[in-house]
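Trainee: output the structure for:
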Amino acid sequence: MQDTFRLNDRIYHMVHFDNLENIFARRTLLSKHALEQEGIKLRSIALDSVQKLRERIFIWDALINMFRPLHSYVPFYFAKRTPMLYVQYARGLQHDIIFLEVSSRILKEPGVIFTDGNATNQQLSDQNDQKVYIIPASLSKEQKRYYSLGNIPLGTNLNRSTFFAHWKFLQHLNWEVIYGENRFDGNAEKKRIKHAEILVPDRLPLERLVGISAMSMWQVEKVNDLAKRCGLEGCIPRAVSKPDLYFP
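Mentor: Residues are numbered from 1 along each chain as shown. Presented below is the predicted three-dimensional model:
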């Protein structure tokens, strides 16, 4: 079992097959915020309750010298078979999930940040509209958190995820959990860690993809046919079947 991280590993973004035509047509994977700005509606696989929490999280971007919404990042996972995917499996929708894969070397690029767990876990209560503002840890400063009203939200999760702005902090992540077991038996902390995220600002051109994966050969053929119809054959990787990304 892999229990360490390398900067030539792959990281994963999940999309519903129904969204691929829109993504392929634009040649770009857009953040939720960018989609909303362009008036684009896609089929979401995220829980509404989680999305509402993420709407209230803002991250300091040193490149533009201001806070930006968490929803303005395109999220990727280090892990395979995340609890988020398990939700789709439990719903009977896993076969519709397509993985878009990027080299983890993207972590060395300006503006790309990452977390040691689910970015949503910031102890925000779903009973109020309080917001959290976070300055990611960098080589020059530790992570800082600010609240809109100066009061700590009364969230139910005692553990919160830390944001990092430099790849050298990868040593702080719990790779044993991230790359380890895929069943958690209600262990909220392991679920949080398994969801460690890589966050790419605004958009990711499809030319950056190093792989596209589907669950079955039937779905692989659908993805590759769609790429051909959109004029992307030879411009992006051909989809392949990778059952190890999915729950059996």
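Trainee: helices of this structure, start to end?
Mentor: 20-26, 32-37, 48-54, 83-91, 175-178, 188-194, 217-229 (DSSP state H).
Trainee: so which of these is the most surrounded?
Mentor: Comparing the helices of the chain by mean neighbour count (mean count of other CB atoms under 10 Å), helix 188-194 ranks first with a mean of 21. Heads up, the C-betas are built off the backbone N, CA and C, glycines and all.
Trainee: output the lowest-mean-pLDDT helix or strand in the chain as PDB, nothing but the C-alphas.
Mentor: The weakest-scoring helix or strand in the chain, judged by mean pLDDT, DSSP states H and E, is strand 144-147 (a mean of 83). In PDB, the C-alpha atoms belonging to strand 144-147 read as follows (Å, rounded to 0.1, in the frame of the first residue of the first chain):
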ATOM      1  CA  LYS A 144      -4.600  32.300  10.500                       C
ATOM      2  CA  ARG A 145      -8.400  32.300  10.800                       C
ATOM      3  CA  TYR A 146     -10.700  35.300  11.000                       C
ATOM      4  CA  TYR A 147     -14.500  35.300  11.700                       C
END
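Trainee: so what's the gap between it and the chain middle?
Mentor: 22 Å (CA atoms, centre = their mean, to the nearest Å).
Trainee: which helices and strands sit right next to it?
Mentor: If contacts are counted by 3 or more CB pairs under 8 Å, 6 or more residues apart in numbering; DSSP states H and E, strand 144-147 sits against strand 132-135.
Trainee: 10 Å instead, please
Mentor: The contact analysis (3 or more CB pairs under 10 Å, 6 or more residues apart in numbering; DSSP states H and E) places strand 144-147 against strand 57-61, strand 132-135.
Trainee: direction included, what does the longest one pair against?
Mentor: Looking at strand 57-61 with DSSP bridges, its partner strands are strand 66-69 (antiparallel), strand 132-135 (parallel).
Trainee: list the buried ones in the last one?
Mentor: Right, the one you point to is strand 132-135. By 16 or more other CB atoms under 10 Å, the buried positions in strand 132-135 come out as Val132, Ile134, Ile135.
Trainee: quick check, nearest of those to Leu199?
Mentor: Nearest to Leu199 among the buried residues of strand 132-135 is Ile134, at 11.4 Å by CB to CB.
Trainee: dump the residue contacts of the closest one.
Mentor: Ile134 makes contacts with 57-60, 67, 70, 113, 115, 119, 122, 143-146, 160-163, as judged by CB atoms under 10 Å, 6 or more residues apart in numbering.
Trainee: now stretch 95-112 - C-alpha only, PDB.
Mentor: Presented in PDB, the C-alpha positions along stretch 95-112 are these (Å, rounded to 0.1, in the frame of the first residue of the first chain):
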ATOM      1  CA  HIS A  95     -21.100   4.300 -12.700                       C
ATOM      2  CA  ASP A  96     -21.800   7.900 -13.900                       C
ATOM      3  CA  ILE A  97     -18.800   9.400 -12.200                       C
ATOM      4  CA  ILE A  98     -15.800  10.200 -14.400                       C
ATOM      5  CA  PHE A  99     -12.400  11.000 -13.000                       C
ATOM      6  CA  LEU A 100     -10.300  13.800 -14.500                       C
ATOM      7  CA  GLU A 101      -6.600  13.300 -13.500                       C
ATOM      8  CA  VAL A 102      -3.900  15.900 -13.200                       C
ATOM      9  CA  SER A 103      -0.200  15.600 -12.200                       C
ATOM     10  CA  SER A 104       0.400  16.600  -8.600                       C
ATOM     11  CA  ARG A 105       3.200  18.800  -9.800                       C
ATOM     12  CA  ILE A 106       0.600  21.400 -10.200                       C
ATOM     13  CA  LEU A 107       1.100  22.000  -6.400                       C
ATOM     14  CA  LYS A 108       4.300  23.900  -7.300                       C
ATOM     15  CA  GLU A 109       2.400  26.400  -9.300                       C
ATOM     16  CA  PRO A 110       1.500  29.900  -8.000                       C
ATOM     17  CA  GLY A 111      -1.900  30.200  -6.400                       C
ATOM     18  CA  VAL A 112      -2.500  26.400  -6.000                       C
END
